[in-house]
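**Student:** Here you go, sequence then predicted model.
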Amino acid sequence: MGSDLVTAAETAVRRALSGLTGPADLICFFICGDDPDEVSRAGLRAMNLAGGASVIGCSATGVIGDGQGIEVTPSVSAWAASLNGARLTTFALDTLRTEDRFVVVGLPERGSDDHAAILLADPYSFPTDGFVERSGEVLGDLPLIGGLANALQGRGAVRLFADGNVYTEGAVGVLLSGPVKVSTVVSQGCRPIGPTMAVTGAEDNLLLELAGQPALARLEEIVSALDEDDRDLVASGLQIGVAMDEYAERHERGDFLIRGVLGIDPEREAVAIGDVLEIGRTVRFQVRDAATADEDLYELLDAHREEFGTVDGALLFSCNGRGSAMFGSADHDAIAIRDTLGPIGVAGFFAAGEVGPVGGQNHVHGFTASVLVFSSQTSAD
């Protein structure tokens, strides 16, 4: 952290490299700064120190590293890993507009031993939602993890970095292949309320009927049964969960893809949501607060530790609506990882939207912590 971003970038990268026991194969860095030109210079300096490592990075409104988060203050975080023979393919994505759609160009070819891809995107110029939601058509079951970059100055000030180049639009990333062990944790931080229901009437993003009754009537019935605290949560931001496994006997917290409830249409007794659902999908309304988000993240990280054991490092993409806005501290998500996974090397940034798989499909999320965890064969700092 400091006013001289170039010096801060050099310090952060050198510190990350010094923690490795071997040469770096991958370097990721994240920069928060007031001046886009200075952010670019800092990014160039960080890339110049990479040596033969693959390197990606982006601008942000806050960064995460060394067990803490720093919001809206000039700062740099950097992360480096020795991946012991892994194959890394960096890429830069751009879009071409045709008469009726965008075409994304720049994707690397898939291989049979690909494990995951990190994606950093400019939300103002790249169609991240459409690309991620349809990524399975091109990438198959490859997990995408990452976030939407941003800048203190907003549109036009976002900077993306990949292998010596600075980009002012599009997306960058790196494909992780070969002998590298990675896994993902995506914490949406919501708690279900009311029963699970089938969508029995829908039009575009309007839910017209739930379980055979007008959607608004169903929602009012659920809210009326809540206590005062949960009604306050509904008023501050109601969500809806879309079940990822239609055939599960029960649908509890963590079994849903969370989408926002955007409003109601009293005349049609409909509920507008941030997605388009087919008739027959299973949904359940949700609420989110700091206590629920805290519990959800810790439970998922604990479950990950039990399944995978010792891990070596992680990249954390946390919503800029979390941190101090939700928890009263910008350090919350970084501390949760340290508490559960141990004193490993962790870095990341506060994103304008998070990318991560839920139910085996890639999605763009909000108010989420998306984590890419490196295990066993990896040395990271």
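**Tutor:** Arrived safely.

**Student:** ranges for the strands of the stretch 1-150 of the chain?
**Tutor:** Under the criterion DSSP state E, counting those that start in this stretch, the stretch 1-150 of the chain carries strands at the ranges 26-32, 54-59, 62-65, 68-71, 75-82, 87-97, 102-105, 114-121, 144-148.

**Student:** Direction included, what does the second one pair up with?
**Tutor:** Under the criterion DSSP bridges, strand 54-59 sits next to strand 26-32 (parallel), strand 160-162 (antiparallel) in its sheet.

**Student:** can you check the fifth one too?
**Tutor:** Here strand 75-82 has these sheet partners by DSSP bridges: strand 26-32 (antiparallel), strand 379-380 (antiparallel).

**Student:** Also the third one?
**Tutor:** For strand 62-65, sheet partners with direction are given as strand 68-71 (antiparallel), strand 345-351 (antiparallel), following DSSP bridges.

**Student:** Likewise for the longest one?
**Tutor:** In its sheet, strand 87-97 lies beside strand 102-105 (antiparallel), strand 171-177 (antiparallel), with partners assigned from DSSP bridges.

**Student:** Mind checking what secondary structure the residue of the chain most remote from its centre has?
**Tutor:** Largest separation from the mean C-alpha position in the chain: residue 267, at 36.3 Å (CA atoms, centre = their mean). State at residue 267, reduced to three classes by DSSP: H, G, I helix; E, B strand; the rest coil: coil.

**Student:** picking that back up, for residue 234, which of the strands paired with strand 75-82 is the nearest?
**Tutor:** strand 26-32 (33.5 Å; CB to CB). C-beta here means a position set from N, CA and C on the backbone, and glycine is covered the same way.

**Student:** low-scoring stretches of this structure, by residue?
**Tutor:** Where the chain drops to pLDDT under 70, the residues are 1-3, 247-254, 376-381.

**Student:** circling back to that earlier point, out of the strands paired with strand 62-65, indicate the one that is most buried.
**Tutor:** Comparing the strands paired with strand 62-65 by mean neighbour count (mean count of other CB atoms under 10 Å), strand 345-351 ranks first with a mean of 29.

**Student:** Share the number of residues neighbouring the closest residue to residue 361 other than its chain neighbours, please.
**Tutor:** Spatially, and ignoring its direct neighbours in sequence, residue 361 is nearest to residue 136 (6.3 Å; CB to CB, 6 or more residues apart in numbering). By the criterion of other CB atoms under 10 Å, residue 136 has 15 neighbours.

**Student:** hang on, residue 136 packs against residue 362?
**Tutor:** Yes: between residue 136 and residue 362 there is a contact under CB atoms under 8 Å: 6.9 Å.

**Student:** Where do the helices of this structure begin and end?
**Tutor:** 5-18, 36-48, 128-133, 135-139, 215-224, 228-237, 290-308, 323-327, 332-341 (DSSP state H).

**Student:** Does anything pack onto the fourth one? Which helices or strands?
**Tutor:** Think helix 135-139. Applying 3 or more CB pairs under 8 Å, 6 or more residues apart in numbering; DSSP states H and E, one finds that helix 135-139 makes contact with strand 361-365.

**Student:** please redo it, this time with the cut-off set to 6 Å
**Tutor:** Here helix 135-139 touches no other helix or strand, going by 3 or more CB pairs under 6 Å, 6 or more residues apart in numbering; DSSP states H and E.

**Student:** Give me the buried positions along it.
**Tutor:** For helix 135-139, the neighbour count (16 or more other CB atoms under 10 Å) marks 135, 139 as buried.

**Student:** Now do that helix: everything it contacts.
**Tutor:** 144, 362 (CB atoms under 6 Å, 6 or more residues apart in numbering).

**Student:** between the helices of the chain, which gets nearest to residue 314?
**Tutor:** helix 332-341 (5.9 Å).

**Student:** could you dump the closest one to CSV, C-alpha only?
**Tutor:** Below are the C-alpha coordinates for helix 332-341, written out as CSV (Å, rounded to 0.1, in the frame of the first residue of the first chain):
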residue,chain,number,x,y,z
HIS,A,332,-13.5,-11.0,6.6
ASP,A,333,-13.1,-13.4,3.6
ALA,A,334,-9.3,-13.5,3.8
ILE,A,335,-9.4,-14.3,7.5
ALA,A,336,-12.0,-17.0,6.9
ILE,A,337,-9.6,-18.7,4.5
ARG,A,338,-6.7,-18.4,6.9
ASP,A,339,-8.9,-19.8,9.8
THR,A,340,-10.0,-22.8,7.8
LEU,A,341,-7.3,-23.6,5.2
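
**Student:** got a list of contacts for it?
**Tutor:** Helix 332-341 has contacts (CB under 6 Å, 6+ apart) with 64, 67-69, 297-298, 301-302, 305, 311, 314, 318, 346, 369.

**Student:** Out of the residues you listed, the closest to residue 30 would be?
**Tutor:** For these, the nearest to residue 30 is residue 64 (7.6 Å; CB to CB).

**Student:** Tell me how far that closest one lies from residue 169.
**Tutor:** 24 Å (CB to CB, to the nearest Å).

**Student:** Between those two, tell me which one has more neighbours.
**Tutor:** residue 64 (29 against 16).

**Student:** Show the contacting residues for the more buried one.
**Tutor:** With contact taken as CB under 6 Å, 6+ apart, residue 64 is in contact with 77, 316, 334, 348.
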